[in-house]
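K.L.:
Okay, here's the prediction I keep looking at, along with the sequence it came from:
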Amino acid sequence: MYQLTTTDSILRLADAAFIPPDPLNADYQRYLAWVNDGNTPEPAPAPPEPVPVPNWAALGDALVAELPILNKLAANPLFAALVGRLQTLRQGGAVGDPEPLIGLWNNHSYSFTSAERKRFNDLATDLHIPLRVATDGSLGAQ
């Protein structure tokens with residue numbers, strides 16, 4: 001029994017051998033004979049779903065556009081470091097590790113409205129950012 005692949009090779013299921021589509025290859029000739037006898041190979045497996053990549057740049061841009069949220073963040077004495085960390089993430093630095101951002105954010109307490117929390121959390125979801133703002137204004141990993 002055989003299975004198609006996402007390449008031009010054929011997978012022989014009996015021993016997991018990949019058979020190149022070479023007419024001089026004896027295994028490929030046996031595969032073609034097997035198909036000519038009325039057999040049908042298993043279909044190729046579906047490709048894996050792409051892993052969503054957090055869009056830190058869009059989050060930074062959105063936070064700048066959300067002035068009520070930005071104004072509250074600006075009250076944090078470590079705001080410059082918070083912005084710097086967002087810039088690092090935005091540029092792909094630190095392999096997207098949000099932990100330092102969480103620490104800087106949670107250095108200060110915020111009173112976001114439920115609409116502001118919802119807006120941030122919706123942005124995070126849409127942009128594949130693994131963070132959420134809790135009801136107490138703290139930031140945590142999702």
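P.N.:
That came through, no problem.
K.L.:
Please tell me how far the nearest residue to residue 8 once chain neighbours are set aside sits from residue 47.
P.N.:
Excluding its sequence neighbours, the residue lying closest to residue 8 (Cβ to Cβ, 6 or more residues apart in numbering) is residue 21, at 5.1 Å. The C-beta positions use only the backbone N, C-alpha and C, and glycine is treated the same way. Distance of residue 21 to residue 47, computed by Cβ to Cβ, to the nearest Å: 20 Å.
K.L.:
Which residue of the two possesses the greater neighbour count?
P.N.:
residue 21 (12 against 7; other Cβ atoms under 10 Å).
K.L.:
Check which helix or strand that one maps to.
P.N.:
Per DSSP states H and E, residue 21 falls between elements, in no helix or strand.
K.L.:
Need the pLDDT of residue 96.
P.N.:
With respect to pLDDT, residue 96 has a value of 60.
K.L.:
An error on my part: the question was meant for residue 84.
P.N.:
Per-residue confidence (pLDDT) for residue 84: 87.
K.L.:
Can you tell me the SS state at it?
P.N.:
helix (DSSP: H, G, I helix; E, B strand; the rest coil).
K.L.:
With residue 122 instead?
P.N.:
Here residue 122 is recorded as helix under three-state DSSP.
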